[in-house]
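Participant: I need the structure of the sequence given here:
(2 chains)
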Amino acid sequence: MTATSAPTNIPFDETKVRSGVLQSLLSSDPPRSRVLSLILVAILFLLAATPFLFSGSQPLSTAAKICVFIVLVASYDLLLGYSGIVSFAHTMFFGIGGYGVAIALERLGAAWTSVGIGLLAALALSAALAAAIGLLSLRVRAIFFSMITLAVASAMAVLASQLSEITGGEDGLSFQLPPALRPAFRLLSEPVFGTAVNGRLLAYYLVFFVSLGVFLLLLRVVNSPFGRVLQAIRENEFRAEALGYRVVAYRTAASVISALAATVAGALMALWLRYNGPDTTLSFSIMIDILLMVVIGGMGTMYGAVIGAALFVLAQSYLQVLMEAGSSAVAGVPILPNLIHPDRWLLWLGALFIVSVYAFPGGIVGRLRQRGN
Amino acid sequence: MTAPALETRGLTIRFGGHVAVNDVSCRFTPGTLTAIVGPNGAGKTTYFNLVSGQLRASAGQVLVEGEDVTTLPASARTRRGLGRAFQLTNLFPQLTALENVRLAVQSRADAGWSLFKVWNSRRDLIEKAEAVLERVRLSDKRHVAPKALSHGDQRKLEVALLIAMEPKVFMFDEPTAGMSVDEVPTVLELIHGIKQRGDTTVLLVEHKMDVVRSLADRIVVLHNGSLVADGEPAEVIASPVVQEAYLGLEAARA
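Facilitator: Prediction:
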């Protein structure tokens, strides 16, 4: 037993300063596993090149959704994985971002100023709400905080569907984008690599680069002196307070930052869909999806968000197609076709989730890093 | 006369009907090491908790350099110069020893609110943390997490965190409890070194009378939550109230 119970942590000397643009972009927190690095590079490449690699609108929509969810899940990981805060109000901030942009574009007309005003208003509202919830409840026991977030998020969802004058109720809001993001817009008259450089492509790259930027920013925050305090609080909040760190203030700041990132993600989602409604950004089932993605990818790793979101969104979009094919391939066999009928995809996703939690308690990233060491 | 580094006035805490600390008034001046002794349950650790802010007093005041900190949370008291090492080891179990100490150094440097720098770009903080680990002879275990350290090493790390805080008032709560005999001198030397600096105020809760005799300039005796004796070590140890309340028991046992 002595050999296996030897400290498993850090043969990787994290105090060593590595210079270079990449290290600076990654905030000195590289993937620390060859396989993980390869997967991440592959995901980055595929997302960056999707418009040129695949034709049709579904791959592009899937890629855009992956980008948005990477930000959303990473911002949730800042809370859950790095700060040890269990919040159920994350989709509320996602929804505020979506509604901010949607309402502004619908009311103020399809211009960039509307996007700006909508986003700023949404960010301000999210920050205020997150700060209020944090200051009021992060000083009490963790379970109460979780319950309060649940209550506030439910209230917000009801509010969004009741205020149908403003939010469109259950139907949501459809709106026009600024001209540069419309499919009819042509930036270049000639196609590049067989792909038309139109407003849709620009909209995709807007989503891609903003997501990349926000993700790298979150990666920086968790690796800052501030991020280190969050981890200390997660480990032993009593001791962190005794060391002179005001725990309530740090936790509240973490939930505000996380809420702001989720708001940006919501705005991107609405811009991409040209629509925002309860089911696309505000519903509780998205909250469950986020939780699954964080856990499958690996809590407290940031890169887990990339893997979790990519895997989950792909499964959501393509597992049914795959099962459809499988089901018809075994059409003659008893029971089997029913078992892998496309309608059962959630069942299999659930099974996959349980297996992955048992097999990789540290998520996929945790497992890969262990192997790498 | 300058204000004492630390003062408590009529400090009291009740848990229901039980008075755990009862009207304790005491001043602690720089350059003095005060041992706080008393039998188990006398309220020593509770007194520490009231001073460093883990518990709120039912009555009375805590003053740091003349400033009333009674209503301030623990973190604010720490930033005003109160440093505390805990009796039951109280560390960040999954972070490395170096990171444990670095967090203390970072707090002292007031660098916790830096959000957009990479933490390891502050070389000064890392170097300072390494120097503190060197002082407690844990340098070779800098990358080991506390949960994998021996009990004695955990105690040393606890002391390292306190040293890294560079407080004005050092509060040690049985720093050598549970340590093996050959590890105790390291910690006692460290405490002696802190006291020798002259500008520090040291409070030490300790059971071992030989340790108290060799280090203390002054002894305060708590019994059932009340202060029953306070003075020079020789005179306190000789006083009848102490012999009866505390030392008598110890002597009988020995």
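Participant: sec struct for the nearest residue to residue A:81 once chain neighbours are set aside, please.
Facilitator: In space, not counting the residues next to it along the chain, residue A:81 is nearest to residue A:300; the distance is 3.2 Å by Cβ to Cβ, 6 or more residues apart in numbering or on different chains. All C-beta atoms are positioned from the backbone trio N, CA, C, and that covers glycine. Secondary structure assignment for residue A:300 (DSSP: H, G, I helix; E, B strand; the rest coil): coil.
Participant: which pLDDT value goes with residue A:300?
Facilitator: Listed pLDDT for residue A:300 reads 93.
Participant: give me the number of residues near it?
Facilitator: Burial measure for residue A:300: 21 neighbouring residues, criterion other Cβ atoms under 10 Å in any protein chain shown.
Participant: list the contacts for it?
Facilitator: A:77, A:81, A:82, A:231 (Cβ atoms under 8 Å, 6 or more residues apart in numbering or on different chains).
Participant: so which of these wins on neighbours?
Facilitator: Counting by other Cβ under 10 Å, top hit in the contacts of residue A:300: residue A:77 with 29 neighbours.
Participant: any idea whether that residue is helix, strand or coil?
Facilitator: Here residue A:77 is recorded as helix under three-state DSSP.
Participant: where's residue 125, which helix or strand?
Facilitator: I went with chain A, as the question did not name one. Per DSSP states H and E: residue A:125 is located in helix A:112-137.
Participant: wait, I meant chain B there
Facilitator: Going by DSSP H and E, residue B:125 is in helix B:123-135.
Participant: which other helices and strands does the next helix or strand after that helix contact?
Facilitator: Using DSSP H and E, the helix or strand that follows helix B:123-135 in sequence is helix B:151-165. Helices and strands touching helix B:151-165, by 3 or more Cβ pairs under 8 Å, 6 or more residues apart in numbering or on different chains; DSSP states H and E, are strand B:82-85, helix B:97-108, helix B:123-135, strand B:169-173, helix B:184-196.
Participant: hmm, 7 Å instead?
Facilitator: strand B:82-85, helix B:97-108, helix B:123-135, helix B:184-196 (3 or more Cβ pairs under 7 Å, 6 or more residues apart in numbering or on different chains; DSSP states H and E).
Participant: pull the distance from it to the chain's centre.
Facilitator: Relative to its chain's centre, helix B:151-165 lies at 11 Å (Cα atoms, centre = their mean, to the nearest Å).
Participant: contacting residues around residue B:43?
Facilitator: Residue B:43 makes contact with B:20, B:21, B:222, B:225, according to Cβ atoms under 7 Å, 6 or more residues apart in numbering or on different chains.
Participant: next up, the contacts around the residue nearest to residue A:299 when sequence neighbours are not counted.
Facilitator: Once flanking residues are discounted, residue A:299 sits nearest to residue A:81: 3.7 Å by Cβ to Cβ, 6+ apart. With contact set as Cβ under 7 Å, 6+ apart, residue A:81 has these partners: A:294, A:299, A:300, A:301.
Participant: neighbours of the last one, how many?
Facilitator: Other residues within reach of residue A:301 by the criterion other Cβ under 10 Å amount to 28.
Participant: I'd say it and residue A:364 touch.
Facilitator: No - assessed by Cβ atoms under 7 Å, residue A:301 is found out of contact with residue A:364, at 9.2 Å.
Participant: that older thread, among the contacts of residue A:300, name the ones in helices.
Facilitator: Using DSSP state H, A:77, A:231 are the members of these that sit in helices.
Participant: can you redo the contacts of residue A:300 as CSV with pLDDT?
Facilitator: Formatted as CSV, these follow (pLDDT from 0 to 100):
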residue, pLDDT
A:77, 97
A:81, 94
A:82, 95
A:231, 95
